[in-house]
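**Student:** give me the fold of what follows.
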Amino acid sequence: MIWSVSWRNVWRSKTRSLVIITAITLGVFAGVYTVAFMFGWVNQRVASVINTEMSHIQIHHPEYLETYEIHDLIPNTDEIVTQISLLESVEAVSDRVIANCMVASAETGSGVQLVGVDPEKEMLVTNIHQKVIDGEYFNGVKTNPIVIGEKLAEKLKVKVRSKVVVTITEMDGTLTGGAFRVAGIYRTSNTSYDEMKAFVRADDIRRLVGLDENAGHEIAVLLNENGTEKLIAKEISEMHPNLQVLTWTQLLPEMEMLNENMNLMLYIFVGIILLALGFGIVNTMLMVILERVKELGMLMAVGMNRLRVFTMIVLETVFLSLTGGIIGIVLAVMLTAITGKTGIDLSLWAQGLNSFGYDSVIYPEIGFDSIVGVTILVIITGIISAIYPARKAIKLKPAEAIRIDM
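**Tutor:** As a prediction, this is how the structure comes out:
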């Protein structure tokens, strides 16, 4: 009965209740949707890191990431690729030959990281082939094709089928060079990546620097699902203890920190909003108590104990908070679902966002666990906000309260 009485009491002053419910609705809506926007933003960056730039796991010679020397090789990449491909959680594996070099056009030159790949394997591990905006991915050019980023193409002032010259150091330390023809130009959400990475066939770069046909510098591993990379990396490390096996979170620890802190950011952000709204709720409930002093005094005079009075005030506050909170969450989830499909276009700031590796079209998203967490925060806010007004109510003396004229 106390529940139904509390709910009816909420609507005794409809205008006041609607004002506070509206305030809570707007606050929760703004908080949840803003965090959904941030979740989508960060998750898109993580997806880009995994599917475009790094994959889930990378394997190198133990000293390669410290020196980036062409001599720090994995001698038998074909055997390792075959072994890793047999693991149940592995979707695809690609071995790479990597060399820092100079790429020059007729106009100018630029230092880049030249990545030699097997196009068929690489297409299963990364989505660079889907990012090609001009030309084709290693097709259309018979001899020495090269795929470069749009930013690098602009810098070199070249287009599809333009010739570029690669200057590179051989295994014996001497400089050598080779002519390549642009087969395709790609564009990702990371302009720094587009400017620094160029892709050629692994056999072409091996021939240029004098590498064995089975040698390489990097093996990229794509898994069936996110979150299993640490377990699989440990398994691969046990299989090949003489190699360095790192997950994408170890290669980019700042991304892992940002990804893990998103839930914390949600609760902090929404918590601050609810804290501010809590003062409004306290003020509203104090007004309710002052208006109902005589009524509360009569209830206690006829036998309602102080605990039931306290519970009634708390429930009224929770109902106010929960009504506004649920409406706010529902509106935020609806807008997240809509914009999660259509996207939010920030192309006006595309250049700045892409320089940090972020997409200019954001697709907000939020998980069910986050929604539950926000709902719990709303309930806690209602309970905490009710404590002071409820204490004021139970401190009333029935005899004095009844005599008060309202």
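**Student:** where does the stretch 301-406 of the chain have low pLDDT?
**Tutor:** Residues of the stretch 301-406 of the chain that meet the criterion pLDDT under 70 lie in 301-303, 394, 396-406.
**Student:** which parts of it are strands?
**Tutor:** Secondary structure of the stretch 301-406 of the chain (DSSP state E, counting those that start in this stretch): strands at 344-345, 361-362.
**Student:** highest mean neighbour count out of those?
**Tutor:** Counting by mean count of other C-beta atoms under 10 Å, strand 361-362 has the highest mean neighbour count of the strands of the stretch 301-406 of the chain, with a mean of 18. For glycine as for every other residue, the C-beta is placed from the backbone atoms N, C-alpha and C.
**Student:** just to revisit the earlier point, for the strands of the stretch 301-406 of the chain, which one sits closest to residue 204?
**Tutor:** strand 361-362 (35.2 Å; C-beta to C-beta).
**Student:** direction included, what does that closest one pair against?
**Tutor:** Paired strands of strand 361-362, with direction, are strand 344-345 (antiparallel) (DSSP bridges).
**Student:** the partner strand: how far from the chain's middle?
**Tutor:** Computed by C-alpha atoms, centre = their mean, to the nearest Å, the separation of strand 344-345 from the middle of its chain amounts to 16 Å.
**Student:** list the buried residues of stretch 273-282.
**Tutor:** Using 16 or more other C-beta atoms under 10 Å as the test for burial, stretch 273-282 gives 273, 274, 277, 278, 280, 281, 282.
**Student:** just the closest of these to residue 92, please.
**Tutor:** Residue 92 lies nearest to residue 273 out of those, by C-beta to C-beta, at 43.6 Å.
**Student:** turn the strands of the stretch 301-406 of the chain into JSON lines, columns for distance to residue 226.
**Tutor:** Listed next are those as JSON lines, based on distance: least, C-beta to C-beta, whole Å:
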{"stretch": "strand 344-345", "distance to residue 226": "23"}
{"stretch": "strand 361-362", "distance to residue 226": "19"}
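**Student:** wait, which of those strands is closest to residue 52?
**Tutor:** So among the strands of the stretch 301-406 of the chain, strand 361-362 is nearest, using C-beta to C-beta, at 15.3 Å.
**Student:** ok, and what's touching that closest one?
**Tutor:** The contact list for strand 361-362 (C-beta atoms under 8 Å, 6 or more residues apart in numbering) reads 37, 40, 41, 44, 343, 344, 345, 346, 347.
**Student:** go again with 7 Å.
**Tutor:** Contact partners of strand 361-362, identified using C-beta atoms under 7 Å, 6 or more residues apart in numbering, comprise 37, 40, 41, 44, 343, 344, 345, 346.
**Student:** give me the nearest residue to the fifth one, chain neighbours excluded.
**Tutor:** This means residue 343. In space, and not counting its chain neighbours, residue 343 is closest to residue 361: 4.3 Å by C-beta to C-beta, 6 or more residues apart in numbering.
**Student:** quick check: bridge partners of that neighbour?
**Tutor:** Taking DSSP bridges as the rule, residue 361 bridges to residue 345.
**Student:** any idea how far it is from residue 348?
**Tutor:** Residue 361 sits 12 Å away from residue 348, going by C-beta to C-beta, to the nearest Å.
**Student:** drop anything exposed from the contacts of strand 361-362.
**Tutor:** By neighbour count, with 16+ other C-beta under 10 Å, the contacts of strand 361-362 hold 37, 40, 41, 44 as buried.
**Student:** would you verify that the third one is located in a strand?
**Tutor:** This points to residue 41. No. Under the criterion used here (DSSP: H, G, I helix; E, B strand; the rest coil), residue 41 is helix, not part of a strand.
**Student:** quick one: it and residue 358 touch, right?
**Tutor:** Yes. With contact defined as C-beta atoms under 7 Å, residue 41 reaches residue 358; the gap is 6.5 Å.
**Student:** ok so, going back, next, format the buried residues of stretch 273-282 as CSV and append secondary structure.
**Tutor:** Shown next, in CSV, are the buried residues of stretch 273-282 (three-state DSSP):
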residue, secondary structure
273, helix
274, helix
277, helix
278, helix
280, helix
281, helix
282, helix
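**Student:** and of those, the nearest to residue 99?
**Tutor:** For the buried residues of stretch 273-282, the nearest to residue 99 is residue 273 (51.9 Å; C-beta to C-beta).
**Student:** where does the stretch 1-150 of the chain have low pLDDT?
**Tutor:** Using pLDDT under 70, the stretch 1-150 of the chain drops low at 1, 5, 9.
**Student:** helices of the stretch 201-350 of the chain, start to end?
**Tutor:** Using DSSP state H, counting those that start in this stretch, the helices of the stretch 201-350 of the chain run over residues 202-209, 229-239, 248-251, 253-260, 262-291, 293-301, 306-342, 350-355.
**Student:** make JSON lines out of these and add distance to residue 144.
**Tutor:** Shown next, in JSON lines, are the helices of the stretch 201-350 of the chain (distance: least, C-beta to C-beta, whole Å):
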{"stretch": "helix 202-209", "distance to residue 144": "5"}
{"stretch": "helix 229-239", "distance to residue 144": "33"}
{"stretch": "helix 248-251", "distance to residue 144": "30"}
{"stretch": "helix 253-260", "distance to residue 144": "35"}
{"stretch": "helix 262-291", "distance to residue 144": "44"}
{"stretch": "helix 293-301", "distance to residue 144": "88"}
{"stretch": "helix 306-342", "distance to residue 144": "43"}
{"stretch": "helix 350-355", "distance to residue 144": "29"}
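**Student:** returning to what we had before: columns pLDDT and distance to residue 25 on top of the buried residues of stretch 273-282, output as CSV?
**Tutor:** Below are the buried residues of stretch 273-282 laid out as CSV (pLDDT from 0 to 100; distance: C-beta to C-beta, whole Å):
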residue, pLDDT, distance to residue 25
273, 81, 11
274, 78, 12
277, 79, 10
278, 81, 15
280, 80, 12
281, 80, 13
282, 82, 18
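**Student:** tell me the one of the residues you listed nearest residue 392?
**Tutor:** residue 282 (10.3 Å).
**Student:** who touches the closest one in this structure?
**Tutor:** Contacts of residue 282 by C-beta under 7 Å, 6+ apart are 385, 388, 389.
**Student:** neighbours of the closest residue to residue 354 other than its chain neighbours, how many?
**Tutor:** Nearest non-adjacent residue to residue 354, counting by C-beta to C-beta, 6+ apart: residue 191, 4.6 Å away. Residue neighbour count, defined by other C-beta atoms under 10 Å, stands at 22 for residue 191.
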